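> Test case, fold it:
(2 chains)
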Amino acid sequence: MLKIKDLHVSVQGKEIINGLSLEVNKGEVHAIMGPNGTGKSTLASVIAGNESYEVTQGEISYNGKNLLELSIEDRAREGIFLGFQYPVEIPGVSMTNFMRTALDEIREYRGQEPLSAAAFLKYMKEKKALVEMNAKLNNRSVNEGFSGGEKKKNEIFQMAMLEPKLAILDETDSGLDIDALRIVANGVTKLKSPENATIVITHYQRLLDYIVPDFVHVMYDGKIVKTGDKSLALKLEEKGYDWIKEELKAK
Amino acid sequence: MSKNNTEIAPQLKEDLLHQFEATIDSFEAEESPFFVEKRKKAYEEFKLLGFPDNTLESWRKTNLKPFLERAYDIEYLPAKTTSPKESIFQCDINQFDTDLYTMLNGEWVEGANGVTTYDNGTIVANLSIAKLAFPELFEAHFGECVINERNGLIALNSALYQEGYFIYVPDNVEHNTNLQMVNIINSEQSIFTNTRNLVILGKNAKLKLVHCDDSINNNSSFINNVTEICLQEGADLDLYKLQNKDDEAIVMTSTFIRQAKDSNLSSNTIVLNGGLIRNDTHVSLNGRGANADVMGLYLVDRKQIVDNHVYISHNVSNCSSKQVFKGIVDDQAHSIFNGHTMVKQDAQQTIAFQTNNNIQLTSKSKIDTHPFLEIYADDVKCSHGATVGQLDMEAMFYLMQRGICERNARMLLMSAFVRQIINEIALPTMRASVDELVQKRLKGELSACEQCSIQCIDPDKLIHFDIDISKI
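A predicted model of the protein is given here:
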């Protein structure tokens, strides 16, 4: 599904990712862990198409297409979803209009008829139930005045609405209390299917108790330096990252 | 008599003075001395002042010179034209649920002409008839608001005005039909008109008034409008001004509102299109407990210029006022906001608030904003502020990451920005219509509008704003 080869990314002349490769197939859950400032969020932003970052080298293919040639919105319409670490507040744009516009455009891209207002409302209601979202949230502007937990739940709600093929969740667990974490994680688990894939960026093993990864990658200094199964996350929780740095030095 | 040799549009001024000299006899024949004396005084004043130029502080940012030094047909007398009424308004105007009165090129169209008296005593009439029919109302109110103005355009209007509308709502009458006054310019000639309106709301009277300035063709035209509004004790006026002019049209409106005790004004001016539009709004809060909300929205692109000047004077204690203006400025357009709140020494316990927010879409567009408080009382609550910004790029990325194209993402953000002003419109049908007009304008579809702004309403498939959230 997603193939990243020797990716190099700079922002304002500073190289943040240098030579990262990663392959994600459908049905898989990948966790990316690693110390702060090693390029995890940058990777997520680049896949989503954020133009603040410059890809200087390497390639990303997605379902056989050159991802780097696609616009931000076409990537989204092709099924890439980014759960933001810091969801943006957009005063004056209601959640309903936001989701209706997004869904209409995605359906049009896929050659589907737009949903009628009634069908859309029904669909929205179902998805809200799925992610245990408070009904009152929808009447409000996008993320405006939402608590940290509500913002993250809202990301999962949007993910449920748009049914992505590849979801990248950038530190969706940070700032959540244990109940909110469980709701968010349950949402992600419910949305999982053999046809889609998930990349979870996290600092904590705790989230991976709920969203069980097939692969755990450790990012350090702009590349993936170690890959293992879920036991790697447990080891990181216990020992931190120093042992990995030691290993790297030894090499 | 020229005040200096750099005076702008001296030829036009000369022509207008001659026009007055040629017409004064007929004014004297038709009008009572009350009106004629005012005209003569205004003529002298215009002779002295001429057109306002950039040396005046309030005209520093807006240069009238290139607009005045066009060839205008000032001999044009609206009465000469017959009004092919059927060709003007085929549209379903009742979109706004209003009683419609239409003026074409400064003259009332047939049918609307004359005095309309409602069962509740409310009167709507064209000015030329009203001033003869209701001398006592005119003598009490006409020309009162502008008496101390030292402004060439107002003097010119006061000397040469011919037509306009007159509205009177008697004491304790809540007029239940909304009145819509439409002023259309459609002329092969480049016409220059001085229109004059007078609106009087008696004690505890209530009215919702929609004033539209529209134009149909692309000939240049110059409207110099003065509106005087008198709100007596406890009166309540909602005033909406919709301006959708073509790119060659120049509209100067000067609106003077005098408010007595406990009266309330809610004014909302929506500028959708125009060559040069200047709206001066001048509010005098003369009785305790009076409130004025003066709001506005402007959407300009290409080389359009919009200039909103608001002056609110708190003359007595315990009044409140609010100025909220928002604008989106594209291409090489230029917007000017000048909000001035004056709190006089005796105006204790004043609450006054003003703000102007702008989105600047291009680096070639220009935004001047000047919110200004002048306070001589010591027990007041006042604030002011202004912002000029671009669309939030993080929000753009967020929206586009959900599959929304750049154009619609911009639309969503711009609509959100203007929503605050639109939501203040108290007439639901009008709020919906203005919302549609604004959406169309933001998409660049409104400029092609062939007739009046109100006609341009049809459902639009790109973005849906029709979800009833209460059903979720």
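
> so where's the chain shaky on pLDDT?
The chain I'm using is chain A. Chain A contains residues with pLDDT under 70 at A:135, A:137-138.

> please go with chain B instead
In chain B, residues with pLDDT under 70: B:1-5, B:76-96, B:110-112, B:216-218, B:446-472.

> Can you show me the helices along it?
Along chain B, counting by DSSP state H, helices occupy B:10-30, B:33-49, B:65-68, B:127-133, B:135-141, B:152-160, B:393-401, B:406-422, B:428-442.

> go on, the stretch 151-251 of chain A?
A:178-191, A:206-210, A:230-239, A:242-250 (DSSP state H, counting those that start in this stretch).

> what's near enough to touch B:Leu399?
A:90, A:93, A:98, A:102, B:408-409, B:412-413 (C-beta atoms under 8 Å, 6 or more residues apart in numbering or on different chains). Just so you know, the C-beta spots here come from the backbone N, C-alpha and C atoms, and that holds for glycine as well.

> and if we set it to 6 Å?
With contact set as C-beta atoms under 6 Å, 6 or more residues apart in numbering or on different chains, B:Leu399 has these partners: B:Ala409.

> any idea how far it is from A:Met33?
Separation of B:Leu399 from A:Met33 (C-beta to C-beta, to the nearest Å): 30 Å.

> hmm, back to that, which among the helices of the stretch 151-251 of chain A is found nearest to B:Ser215?
B:Ser215 lies closest to helix A:178-191 among the helices of the stretch 151-251 of chain A, at 54.7 Å (C-beta to C-beta).

> ok, and what's touching that closest one?
For helix A:178-191, using C-beta under 6 Å, 6+ apart, the contacting residues are A:130-132, A:149, A:152, A:156, A:160, A:172-173, A:210-211.

> Widest-spaced pair of those?
Longest span within the contacts of helix A:178-191, C-beta to C-beta: A:Leu130 and A:Asp173, 18.7 Å.

> Which residue of the two possesses the greater neighbour count?
A:Asp173 (21 against 16; other C-beta atoms under 10 Å in any protein chain shown).

> Compute the distance between the nearest residue to the more buried one once chain neighbours are set aside and A:Leu181, please.
Leaving aside its sequence neighbours, A:Asp173 sits nearest to A:Leu207 (C-beta to C-beta, 6 or more residues apart in numbering or on different chains; 4.2 Å). Separation of A:Leu207 from A:Leu181 (C-beta to C-beta) stands at 7 Å.

> does the most centrally placed residue in chain A have beta-bridge partners, and which?
By C-alpha atoms, centre = their mean, chain A has its centre lying nearest to A:Ile168, at 1.8 Å. Taking DSSP bridges, one obtains A:Leu82, A:Ile199 as the residues bridged to A:Ile168.

> Next, residue 61: phi, psi?
Because you didn't say which chain, this covers chain A. Per-residue torsions, A:Ser61: phi -110, psi 150 (degrees, to the nearest 10).

> I'd say it and A:Lys3 touch.
Yes: under the criterion of C-beta atoms under 6 Å, A:Ser61 makes contact with A:Lys3 at 4.7 Å.

> so who does the residue of chain B found nearest chain A touch?
Here chain B gets closest to chain A at one residue, B:Ala416, 2.7 Å apart by C-beta to the nearest C-beta. When contacts are counted by C-beta under 6 Å, 6+ apart, B:Ala416 touches A:92-93.

> Relative to B:Leu391, how far out is it?
Distance from B:Ala416 to B:Leu391, by C-beta to C-beta: 10 Å.

> got it, and A:Ala160?
28 Å.

> More neighbours: the two, which one.
A:Ala160 (22 against 16).

> three-state assignment of the residue nearest to the more buried one when sequence neighbours are not counted?
Nearest residue to A:Ala160 in three dimensions, chain neighbours excluded: A:Lys127, at 4.2 Å (C-beta to C-beta, 6+ apart). Secondary structure, DSSP: H, G, I helix; E, B strand; the rest coil: A:Lys127 is helix.

> Which one's more surrounded, A:Leu207 and A:Leu181?
It is A:Leu207, of A:Leu207 and A:Leu181, that has more neighbours when counted by other C-beta under 10 Å, with 24 against 21.

> Burial check on residue 198, number of neighbours?
This is for chain A. 25.

> Hmm, no, I was thinking of chain B.
26.

> gap between it and B:Tyr168?
Distance from B:Leu198 to B:Tyr168, by C-beta to C-beta: 8 Å.

> Next, the residue in the stretch 1-150 of chain A positioned nearest to chain B: secondary structure please.
Residue nearest to chain B within the stretch 1-150 of chain A: A:Gly92 (2.7 Å; C-beta to the nearest C-beta). Under three-state DSSP, the three-state class of A:Gly92 is strand.

> Next, find the distance separating it from B:Phe325.
Distance from A:Gly92 to B:Phe325, counting by C-beta to C-beta: 16 Å.

> So the two - more neighbours on which side?
For A:Gly92 versus B:Phe325, neighbours defined as other C-beta under 10 Å are more numerous around B:Phe325 (25 against 18).

> And for the closest residue to B:Ser383 other than its chain neighbours, the neighbour number?
Closest residue to B:Ser383 apart from its sequence neighbours, by C-beta to C-beta, 6+ apart: B:Phe353 at 5.3 Å. Other residues lying near B:Phe353 total 18 when counted by other C-beta under 10 Å.

> and if you look at A:Gly64?
A:Gly64 has 7 nearby residues by other C-beta under 10 Å.

> for B:Glu394, same thing?
B:Glu394 has 15 neighbours, counted by other C-beta under 10 Å.

> Around chain B, pick out the residues from chain A.
A:48, A:50, A:72-73, A:76-77, A:82, A:88, A:90, A:92-93, A:96-97, A:100-102, A:105-106, A:117, A:138-139 (C-beta under 6 Å from any C-beta of the partner chain).

> Which of those residues fall in helices?
A:48, A:72-73, A:76-77, A:96-97, A:100-102, A:105-106, A:117.

> ChimeraX command for the buried members of the residues you listed?
To isolate the buried members of those in ChimeraX, using 16 or more other C-beta atoms under 10 Å in any protein chain shown:
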select /A:48,72,73,76,77,96,97,100,101,102,105,106
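
> Look up which residues are beta-bridged to B:Thr193.
Going by DSSP bridges, B:Thr193 forms beta bridges with B:Ile223.

> Do I have it right that it meets B:Gly106?
Yes: taking contacts as C-beta under 6 Å, B:Thr193 lies within contact range of B:Gly106: 3.8 Å.

> picking that back up, winner for burial among the helices of chain B?
helix B:152-160 (a mean of 25; mean count of other C-beta atoms under 10 Å in any protein chain shown).

> now it against helix B:10-30, angle please.
30 degrees (axes from the mean of the first three to the mean of the last three C-alpha atoms, to 10 degrees).

> Which other helices and strands does helix B:152-160 contact?
Based on contacts counted as 3 or more C-beta pairs under 6 Å, 6 or more residues apart in numbering or on different chains; DSSP states H and E, the elements that helix B:152-160 packs against are helix B:33-49, strand B:221-231.

> tell me the angle it makes with strand B:221-231.
80 degrees.

> Please compute how far helix B:152-160 lies from its chain's middle.
17 Å (C-alpha atoms, centre = their mean, to the nearest Å).

> How about residues contacting that helix?
So helix B:152-160 is in contact with B:20, B:39, B:42-43, B:45-46, B:49-52, B:146, B:194, B:224, B:226, B:252, B:254, going by C-beta under 6 Å, 6+ apart.

> ditto for stretch A:195-213
By C-beta under 6 Å, 6+ apart, stretch A:195-213 touches A:1, A:24, A:26, A:28-32, A:40, A:165-171, A:173, A:185, A:188, A:230, A:233-234, A:237.

> tell me the residue furthest from the middle of chain B?
Most distant residue from the mean C-alpha position of chain B: B:Gln401, 40.8 Å away (C-alpha atoms, centre = their mean).

> was I right about that one contacting A:Ala48?
Yes: contact criterion C-beta under 6 Å: B:Gln401 and A:Ala48 qualify, at 5.3 Å.

> Which neighbours do those two have in common?
Residues touching both B:Gln401 and A:Ala48 comprise A:Leu82, with contact defined as C-beta under 6 Å, 6+ apart.
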